[in-house]
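*Asks:* only geometry, no sequence info:
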């Protein structure tokens, strides 16, 4: 192959940009090796390639202008354009092929989100929701008529989704054990919810009175009974790692629960989390809390940011954002 200027790889495939702006792909079809479905868009004009574990993203003509939001799951991407349409690409299983709902994504979309590891959801201007991707992981919401209107926020776990409606109710669908079945807490989700948040295995909802309601796998944050008194009022934000949650209370303290190895146990830094916390951030394995004095507190898996001792002097003051 001549004229190659860049090569990029997923877990099982490669993509090469040539000096004429065309792209050649090869490898496992399921991981981006087969680009035949978008071949006409890859013959010229491509200037950059990026990848996830199982999909490629390329700056091609259809995406060269008007894109206002891009999101990705484990193996596909979705781009929202200024005209309200959505363009998808990547692994078929992950939602890279949205032909089945193409007519619903042609206009009127105001937000796109990766709801699970292998599905997407789009909120339209009329408050309805369109889903696609793996049907057993939230990509099929046909059995949820409550999604026809009034939806204002969507979040997902690994294999389930939750939608917050304008009336304060929450609707869930997907794999039951991952938060897709919220019958056990249905009464608490019927009204008054103001925010929802998901980790890989569970979903947490904040109510207007500051209470937190959880559902999903018990050991990964779906059961918050161990910290229930601290979640009964005053919670203003919830953030999730892969298998744990952290909640900020109105007094600036932080409460954690879920898998200890993923930040569910913050006892090692507990004295630093009793006041002054203004924001909590998470990656898959760890949490970072920004305090009002500009310092940062971290906990979780040492190898993934939970231990920040190597840069501790740089995190004692002056920090304005963590990402």
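*Replies:* On my side now, so go ahead. Keep in mind that this is a model prediction, so the values were computed, not measured.

*Asks:* number of nearby residues for residue 109?
*Replies:* For residue 109, the neighbour count with other Cβ atoms under 10 Å is 21. All C-beta spots, glycine's among them, are computed from the backbone N, C-alpha and C.

*Asks:* and it, how close does it get to residue 172?
*Replies:* 22 Å (Cβ to Cβ, to the nearest Å).

*Asks:* repeat that for residue 2.
*Replies:* Residue 2 is 53 Å from residue 172, by Cβ to Cβ.

*Asks:* who has more neighbours, the two?
*Replies:* residue 172 (29 against 5).

*Asks:* which elements pack onto the helix or strand encompassing that one?
*Replies:* Using DSSP states H and E, residue 172 maps to strand 170-174. Under the contact definition 3 or more Cβ pairs under 8 Å, 6 or more residues apart in numbering; DSSP states H and E, strand 170-174 sits against strand 160-165.

*Asks:* the strand it packs on pairs with which strands, and in what direction?
*Replies:* In the sheet, strand 160-165 lines up against strand 151-156 (antiparallel), strand 170-174 (antiparallel) (DSSP bridges).

*Asks:* quick check, residue 231 in contact with residue 225.
*Replies:* No. Using Cβ atoms under 8 Å, residue 231 makes no contact with residue 225, being 9.5 Å away.

*Asks:* any regions of this protein where pLDDT drops low?
*Replies:* 1, 46-48, 50, 52-64 (pLDDT under 70).

*Asks:* so which residue is dead centre in it?
*Replies:* For the chain, the residue nearest the mean C-alpha position is residue 114 (5.5 Å; Cα atoms, centre = their mean).

*Asks:* how many other residues sit next to the residue lying closest to residue 222 once chain neighbours are set aside?
*Replies:* Nearest residue to residue 222 in three dimensions, chain neighbours excluded: residue 216, at 3.3 Å (Cβ to Cβ, 6 or more residues apart in numbering). Around residue 216 there are 31 other residues, counting by other Cβ under 10 Å.

*Asks:* check residue 293 too.
*Replies:* With other Cβ under 10 Å as criterion, residue 293 counts 11.

*Asks:* how is it assigned, secondary-structure-wise?
*Replies:* Here residue 293 is coil, with the state taken from DSSP: H, G, I helix; E, B strand; the rest coil.

*Asks:* mind listing what it touches?
*Replies:* Listed by Cβ atoms under 8 Å, 6 or more residues apart in numbering, the contact set of residue 293 reads 276, 317.

*Asks:* for residue 205, see how far away the closest residue to residue 190 other than its chain neighbours is.
*Replies:* Closest residue to residue 190 apart from its sequence neighbours, by Cβ to Cβ, 6+ apart: residue 169 at 5.4 Å. Taking Cβ to Cβ as the criterion, residue 169 is separated from residue 205 by 10 Å.

*Asks:* so which of these two has more stuff around it?
*Replies:* Taking other Cβ under 10 Å, residue 169 and residue 205 do not tie; residue 205 has more neighbours (27 against 16).

*Asks:* for the more buried one, give the beta-bridge partners.
*Replies:* residue 196, residue 213.

*Asks:* what's the separation between it and residue 188?
*Replies:* Residue 205 is 8 Å from residue 188, by Cβ to Cβ.

*Asks:* okay, and residue 121 sits in which element?
*Replies:* Judged by DSSP H and E, residue 121 forms part of strand 119-124.

*Asks:* which neighbours do residue 169 and residue 205 share?
*Replies:* 189, 193.

*Asks:* residues in a beta bridge with the closest residue to residue 73 other than its chain neighbours, which ones?
*Replies:* Excluding its sequence neighbours, the residue lying closest to residue 73 (Cβ to Cβ, 6+ apart) is residue 114, at 4.0 Å. Residue 114 has these beta-bridge partners by DSSP bridges: residue 120.

*Asks:* got it, and residue 13?
*Replies:* Residues in beta-bridge contact with residue 13 (DSSP bridges): residue 27.

*Asks:* identify the residues contacting it.
*Replies:* By Cβ under 8 Å, 6+ apart, residue 13 lies in contact with 25-29, 31-33, 56.

*Asks:* where exactly do the helices run in the stretch 101-250 of the chain?
*Replies:* Taking DSSP state H, counting those that start in this stretch, the stretch 101-250 of the chain contains no helices at all.

*Asks:* who's in contact with the strand holding residue 172?
*Replies:* Contacts of strand 170-174 (Cβ under 8 Å, 6+ apart): 116, 136-138, 141, 143-144, 146-147, 156-157, 159-165, 179-182, 189, 193, 196, 203, 205, 215.

*Asks:* ok, back up a step: surely the residue nearest to the centre of the chain touches residue 78?
*Replies:* Yes. Applying Cβ under 8 Å, one finds residue 114 in contact with residue 78, separated by 7.4 Å.
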